[in-house]
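Trainee: okay, structure incoming, though there's no sequence with it:
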């Protein structure tokens, strides 16, 4: 009985004094990612939002079709635009940073809020 009581007290104390870890952030593609693409001009008529897209990548004009944009980024061409094992190695991130050839030049700045959001969204799966 004493052993059981001691075990319960130890577990209770561990729960009370354990540091609280915030739950992982949940992302909403429409509210977290699409606005970044819109602000950077990626979904404009002059870029990937044009009728035919650009360089094999087509987004809806001004993010008007979030489901199609999500599919284009995550599933088209076997999902090659994102790397779930290494978010920083994702084509979406590398091209936006200007690290890989991208006709639209660099669109986001390293370590900016947009960069961190894209990395965190990809890492969240």
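Mentor: Nice, thanks for sending it over. Remember, predicted model here, so these are calculated numbers, not experimental data.
Trainee: and the closest residue to residue 84 other than its chain neighbours, what pLDDT?
Mentor: Leaving out its chain neighbours, the residue that sits closest to residue 84 by C-beta to C-beta, 6 or more residues apart in numbering is residue 125, at 6.0 Å. Quick note: C-beta positions are derived from backbone N, CA and C, even for glycine. Residue 125 is assigned 82 on the pLDDT scale.
Trainee: number of nearby residues for residue 64?
Mentor: 12 (other C-beta atoms under 10 Å).
Trainee: tell me the pLDDT at residue 40?
Mentor: pLDDT for residue 40: 86.
Trainee: now name the helix or strand holding the residue nearest to it when sequence neighbours are not counted.
Mentor: Nearest non-adjacent residue to residue 40, counting by C-beta to C-beta, 6+ apart: residue 107, 4.2 Å away. When elements are assigned from DSSP states H and E, residue 107 belongs to no helix and no strand.
Trainee: can you check residue 37 too?
Mentor: Using DSSP H and E, residue 37 maps to helix 34-39.
Trainee: alright, that wraps it up for me.
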